[in-house]
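Enquirer: Okay, predicted coordinates and the sequence, questions at the end:
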There are 4 protein chains.
Amino acid sequence: MSDSNPQVVDWRSQTFRILDDGFVRVVDVMGDDASVVQAARISYGSGTKKLHEDRGLIRYLMRHRHSTPFEMCEIKLHVRVPMDCWRQWIRHRTANVNEYSTRYSEAIDAIQTTGPTEWRTQSISNRQGSDVNLALELGERLSDRESQLHQLSRDIYRERLDAGVAREQARKDLPLATYTEAYWKIDLHNLLHFLLLRMDAHAQHEIRSYADVIGRQIVSSWVPLTWEAFEDYRLNAVTFSRCELRLLTFLNQNALSQAIAEAIEMGWLDESGKTLRVNRERVEFESKLERIGVKVPWIQYKDS
Amino acid sequence: MSDSNPQVVDWRSQTFRILDDGFVRVVDVMGDDASVVQAARISYGSGTKKLHEDRGLIRYLMRHRHSTPFEMCEIKLHVRVPMDCWRQWIRHRTANVNEYSTRYSEAIDAIQTTGPTEWRTQSISNRQGSDVNLALELGERLSDRESQLHQLSRDIYRERLDAGVAREQARKDLPLATYTEAYWKIDLHNLLHFLLLRMDAHAQHEIRSYADVIGRQIVSSWVPLTWEAFEDYRLNAVTFSRCELRLLTFLNQNALSQAIAEAIEMGWLDESGKTLRVNRERVEFESKLERIGVKVPWIQYKDS
Amino acid sequence: MSDSNPQVVDWRSQTFRILDDGFVRVVDVMGDDASVVQAARISYGSGTKKLHEDRGLIRYLMRHRHSTPFEMCEIKLHVRVPMDCWRQWIRHRTANVNEYSTRYSEAIDAIQTTGPTEWRTQSISNRQGSDVNLALELGERLSDRESQLHQLSRDIYRERLDAGVAREQARKDLPLATYTEAYWKIDLHNLLHFLLLRMDAHAQHEIRSYADVIGRQIVSSWVPLTWEAFEDYRLNAVTFSRCELRLLTFLNQNALSQAIAEAIEMGWLDESGKTLRVNRERVEFESKLERIGVKVPWIQYKDS
Amino acid sequence: MSDSNPQVVDWRSQTFRILDDGFVRVVDVMGDDASVVQAARISYGSGTKKLHEDRGLIRYLMRHRHSTPFEMCEIKLHVRVPMDCWRQWIRHRTANVNEYSTRYSEAIDAIQTTGPTEWRTQSISNRQGSDVNLALELGERLSDRESQLHQLSRDIYRERLDAGVAREQARKDLPLATYTEAYWKIDLHNLLHFLLLRMDAHAQHEIRSYADVIGRQIVSSWVPLTWEAFEDYRLNAVTFSRCELRLLTFLNQNALSQAIAEAIEMGWLDESGKTLRVNRERVEFESKLERIGVKVPWIQYKDS
């Protein structure tokens, strides 16, 4: 790999700071866009090398979910993450992991703190998410209390160690937001799957902060053709279900009454076809229609 | 499967209590010892059925690490575990998991507590372990402080929720010892691997408590022939390395001076061959010799 | 599970015949639609049980790629497949497998044969596929020659065994189309992924025959709600890439010249915007447009 | 990594020839012994760096089955292997694979041939293995017939392609010994597991030829400290089961009658304790005793 491009050097040597005290840095990589192409071509035999350009081949592979050539690239990251966030991260089972051990060593003395303006409200529309930030005054009180709790848990952790308690037991009441570190090694295919889920708007703010950096700062520089294809065919793609395709067809054919009948059938409208039902799938479909410039046919209807 | 045996009913329906507020219970199983045999026999063809009895075949498979037939059995458990312990558990990547979500729901209001007599000292010989328990008076003080910390973290979690903070953020400072629940589904081969590591004397007390119950109460009843073979060929087996085999041969041949020379070569004794070096592998070998009734040749030597 | 429905009994006990001498049959299952729901609900806590009906919850999970609850179901199949086909099958790495061993036993004396009308021509449009069938007369000659080869390979296999050659070596020249058997155990999530790829029009006829039966005969009966959701949100869904969404938006807004400019930019039309380029992605987009009732804007253009 | 050592260059650039027309060559590696150490140390924290030397740490990890640090190294090989052998190879599910496709391209025109002196007899003692070679004259006849079969299958494959049969169907009767090629990428831990199984005396000659080269030529040069530890603690180690440990203890204590009683209990001797039973585990134990210089106590007994 040519290192003459100063930006290429950057993503390999830079420590990307995330949250108040976390980071991601690249330890090592194996392969790049050319390795994806090389692996794909073994399926085509030597004669086909001229038929496809690299970019076209990578885009073809991504579009048709031929995932194995992307597995031929590997990346190893060193990350520092709140344990709370790491609990989500580690659910991706295809990676290789070595995590800092608080059985062998004292816990890292760093806990993710929340500034007065960073407290988020429970999402109304989404049971698992968060919406806007809380008022400053309330935030200040919450941050004070957080600081109090962090201090007490630090004191008690120290008291236990001083009293001779085993590290494996002393750590038991550390806050979930305590930072941990790990080496995390994963192939490019599985990394893209991780990014698809964790860069998503529904992912929690904390892990999304890491995923955004890994995707937009690191992967996009490491394998630019793969990243471009990923953005086009996965990250910014939209899938229409069988029912949505049927509805869309009616709309494109100006068969409005059939479209309404379909929406009633789906439970999106009540039986009169004049009132909206509370229905998450309907709302998702409406935003897809907006995305492709189609007017929502029941836009003027009232909620039930 | 015959359910006439009352004990068979037991392991399937009982909720096994573990730690102060944890549990394990069987949700479902697929297959049993007979399924292991059935799968193994597809490799042998129909004619061989008479040649092996089931027990002998299972023991043969276990002894020779033919692991795939054991993958034909599957078990699904419902477990309640401190998150601290779950962090170790989840490192076994071959299982299927659905964990209680503290993004969707309020955290389970239970934190593992430590009685005054349950505080363990840091192990001297083993950097990751714990040894004996601390004195009662000291333990009482530590338990008091633990209780104080649990109360504050509970109060603050409640304050956050009451203030409208999103659940995904409110949970950030829960103590690691907060209980979580999960469905955990794994095949028998990978379960045995989990048990081999987590029933080991070096495993942390908490996870060992779960592994012991899963192994000795559940698996031993579910697949008794497989469990017996596992105990004989894995759990209670001892492996001698190439160097240890060489040493053992010298000892068996009464070639003491060659044994001592080998131990010097290994760095277990100093160059005079008269003084022990601090060496963990030597200590491990000594306990293996004791296990098979062989006298440690340098037993009278002094430590360096 | 209620067994009163005679059709339910059927999929569990029937041996489904496939190709000239292959089959699929269910050996065992763990869980069903209710297990998916049960696992999903642990994330929601007890209070939410009333909010979702089972069907709605399963559809939500499928739509949003919440895959872990589907991993809570497991199925074990006994299959008989030509080795050639098995070579594709086994590429799915998440399954547990015990295959008939031709080291331990003599090879199964069955080779997939091809009737005179079953010879397929190389696909023109698709480098890896096949199109229509060859003429009968030609097919008859090919079937004769196939039969000749099968006879010779059988004779030689027998000669080797009679001469005392080890089974592991005698088998070396068996035709790839020789049947093998296996127990194949997989969780529902990974099975659906297998079916998505292998029921696809681009999958080879042979493996598609197996996938169709497993999907439409077995899975659809075993977990009907999951199967319905899979058909709606995966099997019959269509994904539009970022570029396709842009184009679709222009078309919906009657911005034809911008649509053409975009298609030129994509390399689908030449620079004049009047001539089609050979481009597989364009052809794919055209068939998507047809699917949703939108006229292809360059339909009257001529090929380059 | 320093490339000044000419031998280091060798294993990375050489194509190792195997069988009559196969090969293995290294395409790329990530990490080396130092990466294993680096990953292990994240568990120990910075302060412990002085306590262990690299070699000692690697040996400790290998001895105690701390496998995750070895997963931090990755290797990518390009291999050419008979499909028959590849069918065994691909059973190791943790690797990433891109195989030459005979749907996209014509099959590689090479089939593993067997010289007159290379035909092996079926093993008597081991149902899956092979023993000595067959007589030359018989071998010559078998090689002639093999050649005849290869010629016919080549002719027919060509006829099919010439007749316009799709490649995916034309290949169906290729002999299993037809060569295929693949890129095969795997982490060091899983590679060592592959080698442990496939370098074993019970592995089939063909795959053992590949495993020997990968282990002794490539891995031993790539990660010499890891390889040494692997040889000492895995490849050349011997495991004694609980029953064998009990027997060994009796022998070491000169408690011969108890040893005999144990062997009767195990079913290794008949009830008189004077006659050997046909028992594979007994034979295995005898060879372990020989390995450590202990006389087999029933050596003078006669077979049943």
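Expert: Nice, I can see it. Numbering: from 1, shown residues only, chains lettered A, B, ... in the order given.
Enquirer: Nearest residue to the one residue in the stretch 201-304 of chain A that gets nearest to chain B in space, please, no chain neighbours.
Expert: Nearest to chain B in the stretch 201-304 of chain A, going by Cβ to the nearest Cβ, is residue A:204, at a distance of 5.1 Å. Any C-beta I mention is one placed from the backbone N, CA and C, and that applies to glycine too. Spatial nearest neighbour of residue A:204, chain neighbours left out: residue B:168 (5.1 Å); criterion: Cβ to Cβ, 6 or more residues apart in numbering or on different chains.
Enquirer: Test my guess that the one you found contacts residue B:102.
Expert: Yes - the pair residue B:168 / residue B:102 is scored as a contact, 7.4 Å apart, by Cβ atoms under 8 Å.
Enquirer: more neighbours, those two?
Expert: Counted by other Cβ atoms under 10 Å in any protein chain shown, residue B:168 and residue B:102 do not tie: residue B:102 has more neighbours, with 25 against 22.
Enquirer: A strand includes residue A:79, no?
Expert: Yes - assignment of residue A:79 by DSSP: H, G, I helix; E, B strand; the rest coil places it within a strand.
Enquirer: May I have the beta-bridge partners of it?
Expert: residue A:24, residue A:182 (DSSP bridges).
Enquirer: what's near enough to touch residue A:109?
Expert: The contact partners of residue A:109, taken as Cβ atoms under 8 Å, 6 or more residues apart in numbering or on different chains, are residue A:154.
Enquirer: State the distance from it to residue A:146.
Expert: Distance of residue A:109 to residue A:146, computed by Cβ to Cβ, to the nearest Å: 16 Å.
Enquirer: need the contact list for the residue nearest to residue A:204.
Expert: Residue B:168 neighbours (Cβ under 8 Å, 6+ apart): A:128-130, A:204, B:102-103.
Enquirer: Try it again at 6 Å.
Expert: The neighbours of residue B:168, taking Cβ atoms under 6 Å, 6 or more residues apart in numbering or on different chains as the test, are A:130, A:204, B:103.
Enquirer: Retrieve the pLDDT associated with residue A:287.
Expert: At residue A:287, the pLDDT value in this model is 95.
Enquirer: Return the list of helices and strands in contact with the longest helix seen in chain A.
Expert: Across chain A, the longest stretch assigned as helix under DSSP state H is helix A:136-162. When contacts are defined as 3 or more Cβ pairs under 6 Å, 6 or more residues apart in numbering or on different chains; DSSP states H and E, helix A:136-162 packs onto helix A:167-170, helix B:136-162.
Enquirer: In the shortest one, which residues are buried?
Expert: Yep, that's helix A:167-170 we're talking about. A:167-170 (16 or more other Cβ atoms under 10 Å in any protein chain shown).
Enquirer: Closest to chain D out of the residues you listed?
Expert: Set against chain D, the nearest of the buried residues of helix A:167-170 by Cβ to the nearest Cβ is residue A:167 (10.4 Å).
Enquirer: ok, that closest one - contacts?
Expert: Neighbouring residues of residue A:167 by Cβ under 6 Å, 6+ apart: residue A:103.
Enquirer: Report the separation between it and residue A:80.
Expert: Distance from residue A:167 to residue A:80, by Cβ to Cβ: 19 Å.
Enquirer: Now do the strands in the stretch 1-150 of chain A.
Expert: For the stretch 1-150 of chain A, the strands defined by DSSP state E, counting those that start in this stretch cover A:15-18, A:22-30, A:74-82, A:96-99, A:120-122, A:130-133.
Enquirer: of all the ones you listed, which lies closest to residue D:270?
Expert: With Cβ to Cβ as the measure, strand A:96-99 is the member of those nearest residue D:270 (51.5 Å).
Enquirer: helices or strands next to that closest one in the packing?
Expert: Counting contacts by 3+ Cβ pairs under 6 Å, 6+ apart, strand A:96-99 is packed against strand A:179-187.
Enquirer: what sits up against the strand it packs on?
Expert: Against strand A:179-187 from outside (Cβ under 6 Å, 6+ apart): A:71, A:74, A:76-80, A:82-83, A:86, A:95-100, A:108, A:110, D:39, D:72.
Enquirer: Check which residues of stretch A:132-150 are buried.
Expert: Neighbour-count burial for stretch A:132-150 flags A:134, A:139, A:142-143, A:145-146, A:149-150 (criterion: 16+ other Cβ under 10 Å).
Enquirer: no wait, stretch A:213-226
Expert: A:213-215, A:217-223, A:225-226.
Enquirer: Now do the domain split for chain A, please.
Expert: Split into domains by automatic domain parsing, chain A comes to A:6-105+A:177-235, A:120-173, A:242-303.
Enquirer: and the stretch 101-250 of chain A, which residues reach chain D?
Expert: The stretch 101-250 of chain A comes close to chain D at residues A:101, A:104-105, A:183, A:185, as judged by Cβ under 6 Å from any Cβ of the partner chain.
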